[in-house]
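Undergrad: Fold the following for me, if possible:
(one chain, ligands or ions: 1)
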Amino acid sequence: MKLIMAIVQDKDAPRLVDALVEKGFRSTKLASTGGFLREGNTTLFVGTEDHQVSTVINVIKRTCRAREQLVTPLAPVSGPSDSYVPYPVEVQVGGATIFVLPVESLEKV
Ligand code: 2BA
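TA: Predicted coordinates:
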C-alpha cells in the first residue's frame with residue numbers, strides 16, 4: 001500500500017477531490033501553506049494499493065495545472081538599500097508536487 005501526498009493549488013483542489021471520488025478513491029484534504037510564497041495551498045492524502053498509484057497520479061495530472069505567479073522579493077532587513085529594486089519576479093507554481101510513501105499498515109478501529 002502507498003500514501004500519496006499531493007500539494008496542489010487551492011483553485012484545483014475541489015475538482016481534484018471530485019475526480020478522485022468519481023474514480024472510487026478516498027482522500028483527506030488539508031489546508032497548507034507554501035514555504036516560498038507563504039500562500040495557501042492544499043495537501044491531499046490518498047491511501048491506495050500499489051497498482052492504483054499511477055491511476056491517482058494520472059487523475060492529478062489531468063486536473064491540476066501550472067500557473068504563473070508574480071512574487072515581489074522582500075526588502076533587505078538591514079534598512080534601506082540603494083541597490084534594492086522591488087521588481088516582481090515570475091515563478092511557475094504547480095500543477096502538483098507529489099510524494100509517494102510506503103505504508104506499513106492501515107488500521108481502522
Ligand atoms: P511554495 O513553497 O510557496 O513554492 C511556490 C513556487 O515557488 C514553487 O512551485 C516554485 O516554482 C517556486 N519556488 C519554491 N521555492 C523556490 C526557491 N527556493 N527559489 C525559487 N523558486 C522557488 P512548485 O515547485 O510547483 O511548488 C508548489 C508548492 O509545493 C510549494 O509552494 C510547496 O508548498 C510545495 N512543495 C514543492 N516542493 C516541495 C518539497 N520538496 N517539499 C515540500 N513541499 C514542497
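Undergrad: doesn't Phe36 make contact with Pro73?
TA: No: in terms of C-beta atoms under 8 Å, Pro73 does not count as a neighbour of Phe36; the distance is 11.3 Å. Every C-beta, even on glycine, is put in place using the N, C-alpha and C of the backbone.
Undergrad: more crowded one of the two?
TA: The neighbour count for Pro73 versus Phe36, taken as other C-beta atoms under 10 Å, is higher for Pro73 (11 against 8).
Undergrad: Secondary structure class of the more buried one, three-state.
TA: coil (DSSP: H, G, I helix; E, B strand; the rest coil).
Undergrad: In the chain, which residue sits closest to the ligand?
TA: Gly34 (2.1 Å; C-beta to the nearest ligand atom).
Undergrad: Could you report the separation of that residue from Arg62?
TA: 22 Å (C-beta to C-beta, to the nearest Å).
Undergrad: With Ser27 instead?
TA: In this view, Ser27 and Arg62 are 15 Å apart by C-beta to C-beta.
Undergrad: Looking at those two, which is more packed in?
TA: Applying other C-beta under 10 Å to Ser27 and Arg62 shows that Ser27 carries more neighbours, namely 17 against 12.
Undergrad: Now do the contacts for the more buried one.
TA: Neighbour list for Ser27: 17, 20-21, 44-46 [criterion: C-beta atoms under 8 Å, 6 or more residues apart in numbering].
Undergrad: Of the residues you listed, grab the buried ones for PyMOL.
TA: Buried residues among those (16 or more other C-beta atoms under 10 Å), as a PyMOL selection:
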select buried, resi 17+20+44+46
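Undergrad: of all the contacts of Ser27, which two lie farthest apart?
TA: The distance between the two most remote of those (C-beta to C-beta) is 14.2 Å, for Val21 and Phe45.
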